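**Q** My questions are about this predicted structure, shown below with the sequence.
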Amino acid sequence: MDLYQVLGLTHTADTAAIKAAYRNLAKRYHPDVSELPDAHARFIAITEAYEVLGDPTARERYDRTRASPSPKRASAATEARYARETQARQQAARAKAEEYVRMPYDRFDADVFDSVAAYVVPKMLGCLGIGLVATLGLIILLLLASQVEGLGRPVAILAAMGFIPGIVYASMLFDEWHNKRQVERKRRER
């Protein structure tokens, strides 16, 4: 079985093209969203292909077997070993695909395609920005309070008491906004 053909690609496809093809086909054939009678079998096949071609080492070994359209070949003994490894990888991928089939599509999409960095980094940067703005505001408030005689210490105490809860509240608002934005982005991609 030509794994590239399963994904609708040629052996010259790069890693990004392989991932994009898998995502598009998974959207089309995941049994949770497809009503085609052979959606389950197709989804299993594309997941098997992606698990082999998506890993650079496994792909290189697959490309050195007769099953691949790649002109590269290994020695007979090495090719046989690579073919066995590819088959074992596909069997493991089949088990993973069976797990994915039982998931709702939304959860599958989030588990497989969302990176941790894409989720966490904007939140960290948002919280950092909120903390910097709040710190700047606290400094300005303390400077203003120090200019008014007798108000400096009470205002400083009140400002310090509200500082951390204010940052936490602002971070929660930002987190809620970011989560809604992620959901909307996924909805638009479908």
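**A** Looks like it arrived, so ask away.
**Q** so how far is Ala26 from Ala20?
**A** Using Cβ to Cβ, to the nearest Å, Ala20 is found at 11 Å from Ala26. For every residue, glycine as well, the C-beta is placed using N, CA and C.
**Q** Apologies, that question was intended for Thr78.
**A** Counting by Cβ to Cβ, the separation of Thr78 from Ala26 is 32 Å.
**Q** and what of Ala13?
**A** Here the criterion is Cβ to Cβ. By it, Ala13 lies 16 Å from Ala26.
**Q** So which of these two has more stuff around it?
**A** Legend: neighbour count by other Cβ atoms under 10 Å for Ala13 and Ala26, higher for Ala26 (23 against 17).
**Q** then the helix or strand containing that one to PDB, C-alphas only?
**A** In this structure, Ala26 sits in helix 15-29 according to DSSP states H and E. Extracted C-alpha coordinates of helix 15-29, given in PDB (Å, rounded to 0.1, in the frame of the first residue of the first chain):
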ATOM      1  CA  THR A  15       6.300  17.600   6.600                       C
ATOM      2  CA  ALA A  16       3.900  20.500   6.600                       C
ATOM      3  CA  ALA A  17       2.100  19.100   3.500                       C
ATOM      4  CA  ILE A  18       1.800  15.700   5.200                       C
ATOM      5  CA  LYS A  19       0.200  17.200   8.300                       C
ATOM      6  CA  ALA A  20      -2.100  19.400   6.300                       C
ATOM      7  CA  ALA A  21      -3.300  16.500   4.100                       C
ATOM      8  CA  TYR A  22      -3.900  14.400   7.200                       C
ATOM      9  CA  ARG A  23      -5.900  17.200   8.900                       C
ATOM     10  CA  ASN A  24      -8.000  17.800   5.800                       C
ATOM     11  CA  LEU A  25      -8.700  14.100   5.300                       C
ATOM     12  CA  ALA A  26      -9.400  13.600   9.000                       C
ATOM     13  CA  LYS A  27     -12.000  16.400   8.900                       C
ATOM     14  CA  ARG A  28     -13.600  14.700   5.900                       C
ATOM     15  CA  TYR A  29     -13.600  11.000   7.100                       C
END
